[in-house]
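> Turn this into a structure:
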Amino acid sequence: MNGESSMKKAYEAILNGDYELAVMRFEEAIALAPQEADYHYKCSITCARSGKWPKALHYAEQAVKLNGDHEEYHYHLQTVQAKLLSQEAEALLAMTPPDSEGAITKLRLAVHLDPLSLEALLLLGALYESLADYEQAAEFAKEAIRLDPQHSAARRLYADVTRKGRKQGQGSNRRNRRRNR
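Below you'll find the model as predicted:
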């Protein structure tokens, strides 16, 4: 058996909806032809689609290492890294007490690596909302809406933070306003 025949079997498994078998077949192809960057890349994509993010990261890194000139490999690696950073940020927020600053750092890096990451944008927006920084929250929610205008959670977050921001602004104006008599 050669790498190409394992790749064909991997695609057959994908067409049949068996992603576990597909990953096994991709790994078989990699074992037979470890220098084939494309095998690593395709295995990484299937791992990512299956939610096996650490494994997806490993194969994405290998693809870039084997063929650093391929732009698509770099982009895929960045999206996998962004996803893992978002997951790490969620774990920081689940701690008692939550590590908001650490989560912000990870999420900002995730957005830098993958500007199309709705997940990271929404998490940042919600995090800034929880910190009562409605301006920052609105900025991230607005960017999420720009990427997906029909995304209901992004639209709801934007509406909430702009409303809260207006209320916050009105409260500070009332205290500083003097009556003209």
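> By neighbour count, which bits of the strand or helix carrying residue 108 are buried? Give me those.
Assigned by DSSP states H and E, residue 108 belongs to helix 100-113. Buried residues in helix 100-113, counted by 16 or more other C-beta atoms under 10 Å: 100, 103-104, 106-107, 109-111, 113. In this view, the C-beta of every residue, glycine as well, is placed from N, C-alpha and C.
> do the same with stretch 39-56
39-48, 52-53, 55-56.
> for the buried residues of helix 100-113, which one is nearest residue 144?
If you rank these by distance to residue 144 using C-beta to C-beta, residue 111 comes first, at 10.2 Å.
> between the buried residues of stretch 39-56, which is closest to residue 149?
Using C-beta to C-beta, these come closest to residue 149 at residue 48, 25.2 Å.
> excluding its backbone neighbours, what's nearest the residue nearest the centre of the chain?
Centroid-nearest residue in the chain, with C-alpha atoms, centre = their mean: residue 83, separated by 3.6 Å. In this structure, residue 83 finds its nearest non-sequential neighbour in residue 53, 5.8 Å apart by C-beta to C-beta, 6 or more residues apart in numbering.
> Distance check, that neighbour against residue 44.
10 Å (C-beta to C-beta, to the nearest Å).
> So residue 116, which state does it fall into?
Here residue 116 is coil, with the state taken from DSSP: H, G, I helix; E, B strand; the rest coil.
> I figured it hits residue 146, correct?
No - distance between residue 116 and residue 146: 10.5 Å, which falls outside the contact criterion (C-beta atoms under 8 Å).
> pLDDT weak spots in the chain?
1, 171-181 (pLDDT under 70).
> before we move on, the earlier item: farthest-separated two in the buried residues of helix 100-113?
The most distant members of the buried residues of helix 100-113, if one measures by C-beta to C-beta, are 100 and 113, lying 20.2 Å apart.
> Which residue ranges make up the domains of the chain?
3-69, 97-175 (automatic domain parsing).
> ok, back up a step: output the buried residues of stretch 39-56 in CSV, with distance to residue 151 and secondary structure appended to each entry.
CSV is the format used below for the buried residues of stretch 39-56 (distance: C-beta to C-beta, whole Å; DSSP: H, G, I helix; E, B strand; the rest coil):
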residue, distance to residue 151, secondary structure
39, 35, helix
40, 32, helix
41, 29, helix
42, 29, helix
43, 30, helix
44, 26, helix
45, 24, helix
46, 26, helix
47, 26, helix
48, 21, helix
52, 26, coil
53, 22, helix
55, 28, helix
56, 24, helix
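> Among these, find me the one that's closest to residue 91.
Among these, and counting by C-beta to C-beta, the member closest to residue 91 is residue 53, at 12.7 Å.
> Next up, the contacts around the closest one.
By C-beta atoms under 8 Å, 6 or more residues apart in numbering, residue 53 lies in contact with 47, 80, 83-84, 87.
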